[in-house]
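Undergrad: Just to be clear, the model below is a prediction. Sequence and coordinates:
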Amino acid sequence: MQNKKPTVGVIMGSKSDWEIMKNCCDTIKSFGVNFDVRVISAHRTPKRLEKFIKESEKKGTKIIIAAAGGAAHLAGVTAALTTIPVLGVPIESVLKGIDSLLSTAQMPAGVPVATFAIGKAGAINSALFAIAILSSTYPEINRKLKRYRANFEKKVPKKPF
Ligand code: RP5
């Protein structure tokens, strides 16, 4: 049983990714979980990435969500630098995010990145997956996740008309 409130790191390659990643942060927030959100690029700000990972390890961040578009290295490089689990969100790009998806998902064996759908669905699901990971150790988060799922039952109509 852990008492300290957990933190999820949320990083994205550019400020332009925020419109999508806001959905991720809003979802984490709705479960009352702390998050630490930054713009960090694997190729534009590699030193910032190293510093962020060192800080995250020091403060006990449980999961890092990394979003990037195009030749999306951010999640993979992050996973290479830490053993904190990394969840990757491919951001839509000039190739409609297929490049981002493959760059994030196709990690060679040894350094995994759990990869989600392109765009908004992936942003939300990465947050919900982080919540699911945390719910095995934090009963209060588990209760909230069960409530969230139960709401689907109430919201989805039984008939289409
Ligand atoms: C990636 O390049 C970012 O994650 C973003 O999705 C994409 C475009 O970045 P900007 O040119 O909009 O800054 O590194």
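TA: Alright, I've got the coordinates.

Undergrad: count of neighbours near Met99?
TA: Not quite, residue 99 is Asp, not Met. 17 (other CB atoms under 10 Å). Heads up, the C-betas are built off the backbone N, CA and C, glycines and all.

Undergrad: So which residues of this protein form helices?
TA: 18-30, 46-59, 74-81, 98-105, 120-135, 139-155 (DSSP state H).

Undergrad: ok, Asp99 touching His73?
TA: No: here Asp99 does not reach His73: they are 11.4 Å apart, not a contact under CB atoms under 8 Å.

Undergrad: Quick check, pLDDT for the residue nearest the centre of the chain.
TA: Centroid-nearest residue in the chain, with CA atoms, centre = their mean: Ile65, separated by 2.8 Å. What the model reports as pLDDT for Ile65 is 99.

Undergrad: Quickly list what it is bridged to.
TA: Note on Ile65: beta-bridge partners by DSSP bridges are Val10, Leu87.

Undergrad: related to what we said a few turns ago, looking at the helices of the chain, which one is packed in the most?
TA: helix 74-81 (a mean of 24; mean count of other CB atoms under 10 Å).

Undergrad: Convert that one to PDB, retaining C-alpha atoms only.
TA: Presented in PDB, the C-alpha positions along helix 74-81 are these (Å, rounded to 0.1, in the frame of the first residue of the first chain):
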ATOM      1  CA  LEU A  74      10.600  10.900 -28.300                       C
ATOM      2  CA  ALA A  75       8.900   7.800 -26.700                       C
ATOM      3  CA  GLY A  76      11.700   5.500 -27.800                       C
ATOM      4  CA  VAL A  77      14.600   7.700 -26.700                       C
ATOM      5  CA  THR A  78      12.800   8.300 -23.400                       C
ATOM      6  CA  ALA A  79      12.300   4.500 -22.900                       C
ATOM      7  CA  ALA A  80      16.000   4.000 -23.700                       C
ATOM      8  CA  LEU A  81      17.100   6.400 -20.900                       C
END
